[in-house]
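S.K.: build me a structure from this.
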Amino acid sequence: MSWFKRNKAGISTATENKKEAPDGMWNKCPNCKKPLLNSEQIENKYVCQYCDYHIRIGSAAYFSILFDNNNFTELFENLTSGDPLQFSDTKPYPVRLADSQAKTGLKDAIRCGHGKMEGKDIVIACMDFNFIGGSMGSVVGEKIARSIDYCLEHKVPFMLISKSGGARMMEAAFSLMQMAKTSAKLALLAKAKIPYVCLLTDPTTGGVTASYAMLGDINIAEPGALIGFAGPRVIKETIKKDLPKGFQTSEFVLEHGFLDFIVDRRNLKAKVAAYLRLVYS
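M.R.: Sure, this is the predicted structure:
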C-alpha cells in the first residue's frame with residue numbers, strides 16, 4: 001500500500017536549491033487562460049497561439065511589428081500636458097500625470113514615429129491605454145496635429161492606432177476641442193491626397209471614436225476589439241433592452257458598415273503596406 005504514503009526519498013532537490021521561473025517569462029491568455037511563453041508571444045505578434053485572442057499591447061510593441069527592423073525616429077516626444085483648469089478630485093492632475101509617467105515611462109497617451117514599412121516611408125501614431133486609460137487630452141490632439149503637418153510637409157502616409165477610453169475628463173473642454181482640431185487637420189491631409197489609415201484596437205470608445213478614429217481613408221480593426229461611443233453597459237441601462245450578441249465588437253461593427261475589414265495582427269504590416277502600394281506611390 002505504498003501509494004498511500006508520501007515517499008520522502010523521491011524528493012531529491014532541497015527547497016533552498018529550487019529555482020523560480022524568471023519574472024516576465026510567462027503570462028496567461030486573458031481569454032482561454034492558457035499559459036503563454038513570452039518569447040513565443042513576441043514571435044506570434046502577441047496573439048494567443050491557442051485561441052487567436054489579440055492581447056492588448058502598447059506603442060512599443062506596435063512599432064516593433066510595423067516599422068522595418070523596429071527602426072524609427074520618434075516625433076514630438078517631449079510634449080507634456082499642463083493643468084490649465086487646476087483640476088483635482090482625489091488627486092491633483094499634475095500628480096496624476098507624474099505618477100502615470102513614472103509607471104509607464106511615457107510622456108502621455110500617444111507616441112508618434114517616422115520610419116519605413118516594407119521600405120516605404122510612413123508616420124505612425126499609436127495610443128497607449130496604460131497611460132490614464134489612453135484618454136484623449138491636449139497632448140494627444142497636438143501630437144496628432146503635428147504628425148499630420150509632418151506628413152503634409154514630407155508627403156508621407158499617416159497611420160493612427162486607436163486605443164482609448166475617450167476624452168480626458170481632467171482637461172474637460174480642452175480635451176473635447178481635440179476632436180474638432182484633429183478632424184480639421186485630417187481634412188487637410190485628405191485634400192492633399194495623402195493616405196490616412198486608421199486601425200481600431202481594443203478598446204476604442206468615446207470622443208476618439210467620434211473623431212479621428214473613424215475618419216480614415218480606410219478603417220480597419222483587430223478581431224474582437226470593443227468599438228463604440230458609449231459602453232454597452234451604459235447603452236443597456238439607457239434603452240432598457242438587451243443588446244445583440246457581440247454588440248460593439250469589431251465583427252459587429254464591420255457587419256453594420258463602419259469598418260472596411262478586420263485584420264489579424266500577424267498580417268497587419270503586409271496588409272497595410274499592400275494597401276499603400278495600391279493607392280500611393
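S.K.: what pairs with residue 92 across the strands?
M.R.: residue 88 (DSSP bridges).
S.K.: check residue 121 too.
M.R.: Bridge pairing for residue 121 - DSSP bridges - gives residue 116.
S.K.: three-state assignment of the closest residue to residue 210 other than its chain neighbours?
M.R.: Once flanking residues are discounted, residue 210 sits nearest to residue 229: 5.8 Å by C-beta to C-beta, 6 or more residues apart in numbering. Using the backbone N, CA and C atoms, a C-beta is placed for each residue, glycine as well. Secondary structure state of residue 229, per DSSP: H, G, I helix; E, B strand; the rest coil, is coil.
S.K.: tell me, how many residues neighbour residue 229?
M.R.: By other C-beta atoms under 10 Å, the residues close to residue 229 number 16.
S.K.: that one and residue 162, how far apart?
M.R.: The spacing between residue 229 and residue 162, counted by C-beta to C-beta, to the nearest Å, is 13 Å.
S.K.: give me the common contacts of those two.
M.R.: residue 209 (C-beta atoms under 8 Å, 6 or more residues apart in numbering).
S.K.: tell me the pLDDT at the nearest residue to residue 107 once chain neighbours are set aside?
M.R.: Leaving out its chain neighbours, the residue that sits closest to residue 107 by C-beta to C-beta, 6+ apart is residue 80, at 5.3 Å. With respect to pLDDT, residue 80 has a value of 95.
S.K.: am I right that residue 80 is in contact with residue 140?
M.R.: No - look at residue 80 against residue 140 with C-beta atoms under 8 Å: they stay out of range, at 11.6 Å.
S.K.: compare those two (neighbour count), which wins?
M.R.: Higher neighbour count among residue 80 and residue 140: residue 140, with 29 against 12, using other C-beta under 10 Å.
S.K.: please, which helix or strand holds that one?
M.R.: helix 138-154 (DSSP states H and E).
S.K.: for that helix, packing partners?
M.R.: strand 72-75, strand 110-117, strand 120-127, strand 158-164, helix 172-191 (3 or more C-beta pairs under 8 Å, 6 or more residues apart in numbering; DSSP states H and E).
S.K.: 6 Å instead?
M.R.: strand 110-117, strand 120-127, helix 172-191 (3 or more C-beta pairs under 6 Å, 6 or more residues apart in numbering; DSSP states H and E).
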